[in-house]
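Peer 1: When you get a sec, could you give me coordinates for this:
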Amino acid sequence: MSEPAVPDPAVPDPAVPGATAPEGNTERSPRRGMCAAVLCLEAITLGLTTPVLITVAGVATGTALAVGLGLAVVCLLLAGMLRAEWAYLLGYAVQVAAVGLGVVIGVMFALGAVFAALWATADLLGRRIERDRAAAWEAYRAGNA
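Peer 2: Just a heads-up that it's a prediction; the model follows:
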């Protein structure tokens, strides 16, 4: 008995209407991965600020829920939207909001600054990796042409 042939993912299936060959760059974006990780960890931290806002800072429950959990949800949504360039700009806005929470909870100045540094590093280093990767692919293609 022969085993069924496993289709090659690099070859389009003629039986599937509209099937096309995959693009040349199938690697994932390191920038998007690193920034999404920072946002997910920051979402946990911001979500945990909610009880602190209520018990320690004396913020009204509704306001604390809106701010703490609202920022956490925004972080999670942005982590999924990082394919768009505007999502990175909103990520910087979230960092400003996280540092701004330090006005109410002093320790958030430090935590917000840490996450802002992580965010900026992930964004800038990710851009650099992608730029270097693109240059390496161009050099490779030019050498094989």
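Peer 1: pull the longest helix from this structure.
Peer 2: With DSSP state H setting the assignment, residue counts place helix 107-144 as the longest helix in the chain.
Peer 1: Find the residue at the geometric middle of this protein.
Peer 2: residue 36 (2.1 Å; CA atoms, centre = their mean).
Peer 1: What helix or strand is that one located in?
Peer 2: helix 30-55 (DSSP states H and E).
Peer 1: on that earlier part again, for the residue nearest to the centre of the chain, give me its contacts.
Peer 2: 79-80, 82 (CB atoms under 8 Å, 6 or more residues apart in numbering). Bear in mind the C-beta positions are built from the backbone N, C-alpha and C, glycine included.
Peer 1: what about the chain, any weak spots by pLDDT?
Peer 2: Applying pLDDT under 70 to the chain flags residues 1-26.
Peer 1: residues in contact with stretch 51-66?
Peer 2: By CB under 8 Å, 6+ apart, stretch 51-66 touches 50, 67-68, 104-105.
Peer 1: try 10 Å this time
Peer 2: 49-50, 67-68, 70, 101, 103-108 (CB atoms under 10 Å, 6 or more residues apart in numbering).
Peer 1: buried ones in it?
Peer 2: For stretch 51-66, the neighbour count (16 or more other CB atoms under 10 Å) marks 52-54, 59, 64 as buried.
Peer 1: JSON lines for those residues, including distance to residue 115?
Peer 2: Listed next are the buried residues of stretch 51-66 as JSON lines, based on distance: CB to CB, whole Å:
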{"residue": "52", "distance to residue 115": "16"}
{"residue": "53", "distance to residue 115": "17"}
{"residue": "54", "distance to residue 115": "22"}
{"residue": "59", "distance to residue 115": "20"}
{"residue": "64", "distance to residue 115": "19"}
